[in-house]
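Q: Got a sequence here, can you build the structure:
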Amino acid sequence: MQIRQISLFFLTIFLTTCATRKPATVEIPSDIPQISREFRAVWVATVANIDWPSEPGLSPEIQRQEAIAILDSVKSLNMNAVIFQVRPQCDALYLSTLEPWSYYLTGNQ
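A: Below you'll find the model as predicted:
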């Protein structure tokens with residue numbers, strides 16, 4: 001008798017969990033604003049010479065050529081923004097009174 005009651009209990013639980021419900025409907029507003037601009041960006045990583053410069057200690061001219069090649073590639077991909085990492089590791093890729101020049105730019109620190 002008890003096995004029958006337990007079986008009936010589990011059958012009831014099983015059937016109630018399998019019951020179907022009408023899915024909730026979501027109304028999409030018809031006055032969605034048009035997108036006037038898109039932000040299509042690339043990240044140029046400088047830590048460990050991942051993207052730029054290709055190796056530490058290159059001459060400024062070679063670094064400039066590599067940077068221009070990256071920007072040309074960005075333009076050909078129809079991107080409209082470049083996010084350029086300027087502080088790889090507590091140093092700087094720009095003249096700073098607070099941080100030393102980056103090893104990835106100069107080859108020494």
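Q: Ala67 is in what secondary structure piece?
A: helix 60-76 (DSSP states H and E).
Q: Which elements pack onto that helix?
A: Here helix 60-76 touches strand 81-84, going by 3 or more CB pairs under 8 Å, 6 or more residues apart in numbering; DSSP states H and E. (Each C-beta comes from the backbone N, C-alpha and C, glycine too.)
Q: what about the strand it packs on, distance to the chain center?
A: 12 Å (CA atoms, centre = their mean, to the nearest Å).
Q: Please apply the same query to stretch 9-27.
A: 39 Å.
Q: Downstream of the helix or strand containing Leu11, the next helix or strand is which one?
A: For Leu11, the host element (DSSP H and E) is helix 2-17. The C-terminal neighbour of helix 2-17 among helices and strands, as given by DSSP H and E, is strand 41-44.
Q: Show me what that next one is packed against.
A: strand 81-84.
Q: coming back round to it: please state the mean pLDDT value computed over the helix holding Leu11.
A: For helix 2-17, mean pLDDT is 82.
Q: and if you look at stretch 90-108?
A: Mean predicted lDDT for stretch 90-108 stands at 86.
Q: Tell me which residues are up against it.
A: Outside stretch 90-108, the residues that touch it by CB atoms under 8 Å, 6 or more residues apart in numbering are 46-49, 53, 56-58, 63, 85-89, 109.
Q: Filter the residues you listed down to the buried ones.
A: Neighbour-count burial (16 or more other CB atoms under 10 Å) is assigned, among the contacts of stretch 90-108, to Thr46, Asn49, Pro53, Leu58, Gln63, Gln85, Pro88.
Q: Distance-wise, check Leu98 relative to Leu58.
A: 24 Å (CB to CB, to the nearest Å).
Q: do you know how far the spatially most central residue of the chain is from Ser36?
A: Residue closest to the average C-alpha location in the chain (CA atoms, centre = their mean): Trp43, at 8.5 Å. Between Trp43 and Ser36 the computed distance is 24 Å (CB to CB).
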